[in-house]
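Q: Predicted model and sequence follow; I will ask about them next.
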Amino acid sequence: MKKTKKPQQIKTAPTAVAVERRRFNWAPWVLGLAAIVVAFQVYAPAINGYFVFDDRYLPFFAPDRTANFSRFVNDLRPLLMLSFWIDYKLSPEPKPNSAQFHETNVLLHAFVSIFAALIIFKILDWAGVTGRMRAGIAIVCGALFLLHPLQTESVAYVASRSEVLSVFFYYAAFAVFLYRGTESITLARSIAVLALFGAAVAVKEHTLTLPALFLLTDYFWGRGGVRRNRILYGLIAVAAAGGAVFVGHVLVHAKTAGFGMRDMTPLDFFLTQCRVLWIYLRLFILPFGQNIDPDIPVSHNLFEHGAIFGLLALVALVWAAWKYRKQYPLAAYGIFVFLLLIAPTSSMVPIRDPLAEHRLYLPFLGLLLICAEFLRRLRLEQVAAIGCAALALCSVLTYQRNRIWASTLTLWQDSVNKSPNKFRPRFQLAYAQYESRNCAPAVSNFEVASRLDHPKKDDDLLIDWGLALGCAGRWNEAVGEFERAAEMNNTAHVHTQIALAYVNLKQFDLAMDELNVGQKIDPGYAMTYMYRGKIYEYRGDYRNAAGEYKKACDRTPATGACQEYDRMLQQVH
């Protein structure tokens with residue numbers, strides 16, 4: 001047999017295969033860091049501002065709750081309270097330190113603006129915007145979210161942490177949903193979305209709109225829908241149903257919001273919101289006349305205060321968004337998003353205050369999408385020029401607005417200037433003046449407040465008015481206001497204030513009589529014993545003073561009575 005030769009292998013020269021390594025993209029990280037730095041610069045005036053308004057009703061102002069973690073976070077909004085507890089523990093002495101709380105708000109706001117830019121960036125891709133134009137518009141929109149003066153109330157107001165933190169989780173969940181890669185979302189990503197949704201609801205209830213936003217997004221852009229994402233929608237529907245039942249229970253029993261309000265019906269609120277929504281839009285385009293406590297009259301029928309025109313304009317807006325959704329998809333989608341996200345606070349559920357700037361924080365995304373529709377029709381150079389000009393103006397206006405938020409006096413004086421006939425701004429200004437020892441102006445403003453219409457004039461006004469009179473050295477007149485307060489609400493507290501006035505008038509026997517009356521009304525009120533101890537101490541009777549301080553300490557240790565008792569024991573011995 002012939003041996004067969006093996007076929008010769010043809011040797012070829014080795015070819016160089018160029019392997020391109022993916023370079024790390026530093027741009028998003030640099031932009032994110034820049035957002036944080038700029039946010040702290042723009043909000044700098046308010047960072048050291050003191051706590052205002054509802055801030056003082058938060059648990060870190062209650063010394064008996066700050067020591068106990070479970071009592072601190074045992075609230076309808078546990079994650080919100082947890083964030084406050086962390087700030088309280090991190091803040092330097094004396095606690096609570098407002099700067100720590102404000103800094104957290106600013107940092108959260110910067111992260112929310114980054115999420116807003118990421119959301120816009122993804123939706124621009126669906127709208128056919130690509131390349132540098134897509135990135136440029138997303139950056140401008142994210143920066144507008146960061147720097148617009150309408151955001152000031154949500155960020156500079158510590159109590160509005162509920163807005164910033166809830167929207168942080170809300171936008172994060174929406175971003176995870178959008179960047180799913182395929183039309184069908186995975187189980188792991190569904191669980192992540194559900195966890196973020198739960199966190200958002202645990203901070204504030206208006207975030208229950210997230211499932212509806214998912215549905216709107218899927219069907220408007222043709223991205224999956226319920227059938228392809230049934231796992232996510234199934235999980236989130238169960239969670240949303242449970243949340244809706246809880247929120248419904250709250251709305252039925254709440255005093256300042258919900259269906260239990262006696263002085264505002266759902267129809268009244270809806271008609272009023274038909275006007276208020278246009279005020280929000282005007283504030284977005286022309287941000288002047290901002291006010292922490294605007295005076296908005298209620299529309300009780302279609303023709304009162306022009307409610308019918310606001311309603312007709314809203315109907316026309318929705319019709320136009322639907323009709324021209326193909327030609328202007330970003331604007332149409334933005335209108336639907338805006339109306340959906342603002343619906344919990346601006347539709348049929350009555351809220352005591354018809355308008356509040358912080359309610360625009362969540363639906364701000366819809367307004368950014370409308371802006372993106374306008375910007376996409378320009379050249380990149382025009383986008384950059386318009387964006388830089390608008391952001392520079394917003395930065396100046398936001399900085400100026402934060403200077404007003406830096407002090408309770410400037411904040412409430414600004415509100416009184418814009419709402420001169422409203423009770424609450426006038427009362428808050430008077431109290432801020434009393435706290436800062438501007439006694440004569442405080443007395444004047446308390447007197448004006450007493451003449452203004454307010455559905456809940458109570459003894460608090462008269463007591464604070466009396467304290468301001470005392471601060472001005474007019475203790476005889478203060479006694480009169482305290483006695484009027486006692487006629488309205490006969491409490492141990494008001495009798496301690498009458499006793500305080502008599503002490504300053506050097507009428508100690510009358511002061512003791514008032515404290516005895518207060519003790520009979522409420523034997524457990526610690527301040528009765530504190531005041532009596534002060535009188536004994538003033539008279540040099542240290543043993544009886546120590547006894548009174550001990551009684552106060554036994555009832556409420558947080559009053560400082562225990563320290564007074566220890567000090568007085570040293571005097572006795």
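A: Nice, I can see it.

Q: Which positions within whichever strand or helix holds Arg401 qualify as buried?
A: Element membership for Arg401, per DSSP states H and E: helix 380-405. Of all the residues in helix 380-405, those buried under the rule 16 or more other CB atoms under 10 Å are 383, 387, 390-391, 394-395, 397-399, 401-402, 404-405. No exception for glycine: its C-beta is placed from N, CA and C like everyone else's.

Q: After it, which helix or strand is next? Please name it.
A: Using DSSP H and E, the first helix or strand after helix 380-405 is helix 408-418.

Q: Packing partners of the following helix or strand past that following helix?
A: As assigned by DSSP H and E, the chain's next helix or strand after helix 408-418 is helix 423-435. In this structure, helix 423-435 makes packing contacts with helix 408-418, helix 439-451, helix 459-471, judged by 3 or more CB pairs under 8 Å, 6 or more residues apart in numbering; DSSP states H and E.

Q: Using the three-state scheme, assign Pro287.
A: Secondary structure, DSSP: H, G, I helix; E, B strand; the rest coil: Pro287 is coil.

Q: Nearest spatial neighbour of it, chain-adjacent residues omitted?
A: Pro149 (4.6 Å; CB to CB, 6 or more residues apart in numbering).

Q: Next: Glu483.
A: Ile498 (6.7 Å).

Q: show me what contacts that neighbour?
A: Going by CB atoms under 8 Å, 6 or more residues apart in numbering, Ile498 touches Val479, Phe482, Glu483, Ala486, Ala511, Glu514.

Q: just to revisit the earlier point, go through the helices and strands packed on helix 423-435 and pick out the most buried.
A: Highest mean neighbour count of those: helix 459-471, a mean of 23 (counted as mean count of other CB atoms under 10 Å).

Q: could I have it exported to CSV, CA atoms only?
A: Taking C-alpha atoms only, helix 459-471 is exported to CSV below (Å, rounded to 0.1, in the frame of the first residue of the first chain):
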residue,chain,number,x,y,z
ASP,A,459,-56.5,79.9,73.7
ASP,A,460,-53.0,79.5,72.1
LEU,A,461,-53.3,82.9,70.4
LEU,A,462,-54.3,84.6,73.7
ILE,A,463,-51.5,82.8,75.7
ASP,A,464,-48.9,83.8,73.2
TRP,A,465,-50.3,87.3,72.9
GLY,A,466,-50.1,87.5,76.7
LEU,A,467,-46.5,86.3,76.7
ALA,A,468,-45.6,89.0,74.1
LEU,A,469,-47.2,91.6,76.3
GLY,A,470,-45.2,90.4,79.3
CYS,A,471,-42.0,90.5,77.1
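
Q: mind listing what's buried in the next helix or strand after it?
A: Counting by DSSP H and E, the next helix or strand C-terminal to helix 459-471 is helix 475-488. The neighbour-count check on helix 475-488 (16+ other CB under 10 Å) flags Trp475, Glu477, Ala478, Val479, Glu481, Phe482, Glu483, Arg484, Ala485, Ala486 as buried.

Q: Surely Glu481 touches Ala468?
A: No. Glu481 lies out of contact with Ala468 (CB atoms under 8 Å); the separation is 9.1 Å.

Q: Ala192 versus Ala156, what's the distance?
A: Here the criterion is CB to CB, to the nearest Å. By it, Ala156 lies 31 Å from Ala192.

Q: Looking at these two, which is more packed in?
A: Ala156 (26 against 16; other CB atoms under 10 Å).

Q: okay, the more buried one: pLDDT?
A: Here the pLDDT value assigned to Ala156 is 94.

Q: Ok, Thr559 next?
A: Thr559 is given a pLDDT of 59.

Q: cool, and Pro63?
A: 57.

Q: Give the next helix or strand downstream of the lowest-mean-pLDDT helix or strand in the chain.
A: Ranked by mean pLDDT, DSSP states H and E, the weakest helix or strand in the chain is helix 63-66, scoring a mean of 56. Sequence order places helix 69-73 as the next helix or strand after helix 63-66, per DSSP H and E.

Q: What is that next one packed up against?
A: Against helix 69-73 (3+ CB pairs under 8 Å, 6+ apart) you get helix 63-66, helix 78-90.

Q: Pro344: which of those helices is closest?
A: Closest to Pro344 of these is helix 78-90 (CB to CB; 16.4 Å).

Q: Which positions in that closest one come out as buried?
A: Leu79, Leu80, Met81, Leu82, Ser83, Phe84, Trp85, Asp87, Tyr88.

Q: Would you tell me which helix is longest in this protein?
A: Across the chain, the helix with the greatest residue count (assigned by DSSP state H) is helix 98-126.

Q: what is the rounded mean pLDDT of the helix or strand following that one?
A: Using DSSP H and E, the helix or strand that follows helix 98-126 in sequence is helix 131-147. Taken as a whole, helix 131-147 has a mean pLDDT of 96.

Q: now helix 131-147 against helix 98-126, angle please.
A: Using axes from the mean of the first three to the mean of the last three CA atoms, to 10 degrees, one finds that helix 131-147 and helix 98-126 are set 150 degrees apart in direction.

Q: Helix 131-147 packs against which elements?
A: Secondary elements touching helix 131-147 (3+ CB pairs under 8 Å, 6+ apart): helix 27-42, helix 98-126, helix 364-375, helix 380-405.

Q: Quick check: which of those is nearest to Asp218?
A: helix 98-126 (11.2 Å).

Q: Between helix 364-375 and the closest one, find me the angle.
A: Calculated by the same axes, to 10 degrees, helix 98-126 forms an angle of 50 degrees with helix 364-375.

Q: now helix 98-126, how far from the chain's geometric center?
A: Taking CA atoms, centre = their mean, to the nearest Å, one finds the center of helix 98-126 at 15 Å from the center of the full chain.

Q: Which secondary structure state is assigned to the residue positioned nearest the centre of the chain?
A: By CA atoms, centre = their mean, the chain has its centre lying nearest to Ser160, at 1.5 Å. Three-state call for Ser160 (three-state DSSP): helix.

Q: now swap in Phe24 and tell me
A: Looking at Phe24 with three-state DSSP, the answer is coil.

Q: With Ile185 instead?
A: Quick answer, by three-state DSSP: Ile185 is coil.

Q: okay, now it: neighbour count?
A: Applying other CB under 10 Å, we find 22 residues neighbouring Ile185.

Q: Need the phi and psi values for it.
A: phi -90, psi 140 (degrees, to the nearest 10).

Q: Let me know whether it touches Asn229 as I believe.
A: Yes. Using CB under 8 Å, Ile185 makes contact with Asn229 at a distance of 5.0 Å.

Q: Next, show the common contact partners of these two.
A: The contact sets of Ile185 and Asn229 do not overlap (CB under 8 Å, 6+ apart).

Q: For Glu435, see how far away the residue lying closest to Met527 once chain neighbours are set aside is.
A: The spatially closest residue to Met527, leaving aside those adjacent along the chain, is Thr496, at 5.1 Å (CB to CB, 6+ apart). Thr496 is 19 Å from Glu435, where distance means CB to CB.

Q: Of these two, which one has the most company?
A: A count of neighbours by other CB under 10 Å puts Thr496 above the other of Thr496 and Glu435, at 23 against 15.

Q: contacting residues for that one?
A: So Thr496 contacts Glu514, Leu515, Gly518, Tyr525, Met527, Thr528, Tyr531 (CB under 8 Å, 6+ apart).

Q: now Cys141
A: With CB under 8 Å, 6+ apart, Cys141 has these contacts: Ala116, Ala117, Ile120, Leu368, Cys371, Ala372, Leu375.
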